[in-house]
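# A predicted structure for the sequence below; I have some questions about it.
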Amino acid sequence: MILIDALYINNGGGRVLLEYLIDELLLSQKNVTYLLDSRMQSSFRNIENSTIIFMKASLYNRYKFYKSNKATFSTVLCFADLAPNINIDAKVYTYFHQALYLKIPKDVPLKTTCIFKLKGLVFKYLLKNTNYLIVQSKSIKENLNSVFCLPEDKMLVIPFYPLIFKHTETIRVPNSFIYIANADPHKNHIRLINAFCKFYSEYGYGTLTLTVSSNYPAILKIIVTKQLEGFPLINIGFIDRSELNKYYSSATYLIYPSLCESFGLPLIEAIENGCKIIASDMEYVYAVCEPSITFDPMDELSIFEAMCSANGNAKASILKTNNQIHQLMTLLN
């Protein structure tokens with residue numbers, strides 16, 4: 001029997017990948033048990049021919065689960081960075097997607113830095129309980145090897161992601177920028193907003209579409225203030241994935257100033273929908289694509305200058321990765 005342990009997944013890109021994996025497992029008709037965060041109960045109450053266990057996400061609850069099911073499963077995929085709390089009688093794969101365990105940007109608040117350093121220590125301690133780590137790119141594999149001294153043959157590079165197909169009915173708006181991301185500190189919204197406002201003040205055209213939800217009141221306040229000042233910031237809030245293609249297909253550029261990513265799924269989605277990529281000059285970007293223009297994400301002026309450089313003349317971006325979901329599925333037996 002297969003266990004998919006996604007106890008620490010409840011939103012963001014991790015949830016997108018989890019939902020995609022579940023869809024593929026349903027098609028495969030494998031015998032699967034899912035361990036899920038209780039906050040996901042309304043979305044995953046019924047998964048056909050599967051056992052679903054919901055619980056509050058905590059190290060203690062997870063420890064009790066593995067203690068009681070030490071010999072229950074033949075294959076385990078831990079889908080949120082952390083290997084099982086104890087050594088179990090199964091082949092264990094751990095999907096790693098939290099790049100903040102590897103390097104925390106300087107701009108991240110002290111409290112957040114302390115939290116991720118502590119989580120990184122837990123991650124390192126539990127590594128002994130997994131057979132393999134699965135990562136989305138070679139750059140993450142190299143960084144894991146550098147930071148945690150992991151053997152290369154214990155890390156598998158298997159990128160996978162659901163496709164979003166182009167929304168053919170939408171007209172692309174000239175000089176339109178979009179940033180698909182939550183507003184955690186490392187996502188770098190403040191520098192982007194300031195750079196765009198400078199761009200608009202200089203040229204008098206352009207729009208910036210953001211996806212900042214009510215979970216980030218400080219960033220929302222900045223957006224509203226800039227809107228009242230006359231800047232064309234469009235915040236669509238949390239958007240269902242089924243509607244994303246409409247927004248990608250109407251934008252000219254995906255602008256991506258994030259300071260840290262394990263994969264950067266919007267980069268892939270945007271290229272598939274015809275956007276050009278203006279992004280941080282960082283490893284995670286080059287791992288998945290050849291961007292049209294890059295900038296220093298720590299420098300508002302550099303972001304502004306990248307927008308100016310685009311101005312209708314940017315080359316097309318090129319995707320460098322591909323979906324390997326079937327390779328992942330072959331491991332789960």
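Thanks, I have the structure now.

# all helices for the stretch 151-300 of the chain, in order.
Under the criterion DSSP state H, counting those that start in this stretch, helices of the stretch 151-300 of the chain are mapped to 189-203, 217-228, 241-250, 265-272, 283-288, 300-310.

# ranking those helices by mean pLDDT, which is last?
Among those, helix 241-250 has the lowest mean pLDDT, at a mean of 87.

# gap between that helix and the chain center?
Taking CA atoms, centre = their mean, to the nearest Å, one finds the center of helix 241-250 at 17 Å from the center of the full chain.

# cool, stretch 138-155 as well?
For stretch 138-155, the separation from the chain centroid amounts to 19 Å (computed by CA atoms, centre = their mean).

# same thing with stretch 277-292?
Between the centre of stretch 277-292 and the centre of its chain there are 14 Å (CA atoms, centre = their mean).

# So which bits of it are buried?
Of the residues in stretch 277-292, those buried by neighbour count under the rule 16 or more other CB atoms under 10 Å are 277-280, 282-285, 287-289, 291-292. Where you see a C-beta, it was placed from the backbone N, CA and C, and this is true even at glycine.

# CA atoms only: put it into PDB for me.
Coordinates of each C-alpha in stretch 277-292 appear next as PDB, following Å, rounded to 0.1, in the frame of the first residue of the first chain:
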ATOM      1  CA  ILE A 277       9.500  36.600 -18.500                       C
ATOM      2  CA  ILE A 278      11.100  39.400 -16.600                       C
ATOM      3  CA  ALA A 279      12.600  37.900 -13.500                       C
ATOM      4  CA  SER A 280      15.200  37.900 -10.800                       C
ATOM      5  CA  ASP A 281      18.800  37.100 -11.800                       C
ATOM      6  CA  MET A 282      18.800  34.000  -9.700                       C
ATOM      7  CA  GLU A 283      19.500  30.300 -10.000                       C
ATOM      8  CA  TYR A 284      15.900  29.200  -9.700                       C
ATOM      9  CA  VAL A 285      14.900  31.200 -12.800                       C
ATOM     10  CA  TYR A 286      17.600  29.700 -15.000                       C
ATOM     11  CA  ALA A 287      16.800  26.200 -13.800                       C
ATOM     12  CA  VAL A 288      13.400  26.300 -15.600                       C
ATOM     13  CA  CYS A 289      13.700  28.900 -18.400                       C
ATOM     14  CA  GLU A 290      15.700  31.400 -20.400                       C
ATOM     15  CA  PRO A 291      14.000  34.600 -19.300                       C
ATOM     16  CA  SER A 292      13.600  37.600 -21.600                       C
END
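
# pretty sure residue 260 is touching residue 101, no?
No: contact criterion CB atoms under 8 Å: residue 260 and residue 101 do not qualify, at 10.0 Å.

# Which stretches in the stretch 1-150 of the chain count as strands?
Along the stretch 1-150 of the chain, the stretches classed as strands by DSSP state E, counting those that start in this stretch are 2-6, 32-37, 51-55, 75-78, 91-95, 132-135.

# Strand partners (parallel or antiparallel) of the fourth one?
Going back to what we said before, that points to strand 75-78. For strand 75-78, the pairing partners within the sheet under DSSP bridges are strand 2-6 (parallel), strand 91-95 (parallel).

# Quick one: mean pLDDT over the first one.
Put plainly, it is strand 2-6. 95.

# Apart from its chain neighbours, what residue comes closest to the spatially most central residue of the chain?
Centroid check for the chain by CA atoms, centre = their mean gives residue 13 as the closest residue, at 3.8 Å. Taking CB to CB, 6 or more residues apart in numbering, and ignoring the residues beside it in sequence, residue 13 has residue 265 as its nearest neighbour in space, at 4.9 Å.

# what sits against that neighbour?
Shown here is residue 265, whose contacts under the criterion CB atoms under 8 Å, 6 or more residues apart in numbering are 13, 16-17, 161.

# before we move on, back to that, looking at it, the residue nearest to the centre of the chain is touching residue 97, isn't it?
Yes: distance between residue 13 and residue 97: 7.4 Å, which falls inside the contact criterion (CB under 8 Å).

# where do the contact lists of those two overlap?
Contact criterion CB under 8 Å, 6+ apart; residues shared by residue 13 and residue 97: residue 263.

# got the contact list for residue 268?
For residue 268, the set of contacting residues under the criterion of CB under 8 Å, 6+ apart consists of 161, 288-289, 319, 321.
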